[in-house]
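Trainee: Fold the following, please.
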Amino acid sequence: ANPAVKEWPEEESMMKESCEKWGLIYHPSWKKKAIQLYETSLVRHGLMMVGPAGGGKTTATRVLLQALSEIAQQKGLPKCEEVRMN
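Mentor: This next block holds a predicted model:
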């Protein structure tokens, strides 16, 4: 494994489960973007997703939130929520 690349097995497993539940394809490039979103959320108080219409921004965010909520609830913590400013 590349030491510069952090691995998130629990998060990735839950994201894959969410994709399967919603009938989505868990594509490697899409997974990479969702993990980048997660890593950014760990070091920032707020963030925004930008990209072309139909690029999967909303779906990536929802799948990540679902996965993180499942993990949190398994640990007895409250679910994750999205807060939109506009």
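Trainee: which residues sit against stretch 67-86?
Mentor: For stretch 67-86, the surrounding residues in contact (Cβ atoms under 8 Å, 6 or more residues apart in numbering) are 10-11, 14-15, 17-18, 38, 61-62, 65. C-beta: built from backbone N, CA, C; applies to glycine.
Trainee: top of those by neighbour count?
Mentor: Within the contacts of stretch 67-86, most neighbours by other Cβ atoms under 10 Å means residue 15, with 25 neighbours.
Trainee: Which strand or helix spans that residue?
Mentor: helix 9-22 (DSSP states H and E).
Trainee: next one: that helix to chain centre, how far?
Mentor: Offset of helix 9-22 from its chain centre (Cα atoms, centre = their mean, to the nearest Å): 9 Å.
Trainee: just stretch 40-55 next, same as before
Mentor: Offset of stretch 40-55 from its chain centre (Cα atoms, centre = their mean): 10 Å.
Trainee: Show me which residues of it are buried.
Mentor: residue 41 (16 or more other Cβ atoms under 10 Å).
Trainee: average pLDDT across it?
Mentor: Averaging pLDDT along stretch 40-55 gives 87.
Trainee: Could I get the full set of helices for the chain?
Mentor: With DSSP state H as the criterion, the chain has helices at 9-22, 28-43, 57-74.
Trainee: Check which helices and strands the shortest one is in contact with.
Mentor: Using 3 or more Cβ pairs under 8 Å, 6 or more residues apart in numbering; DSSP states H and E as the contact criterion, the elements in contact with helix 9-22 are helix 28-43, helix 57-74.
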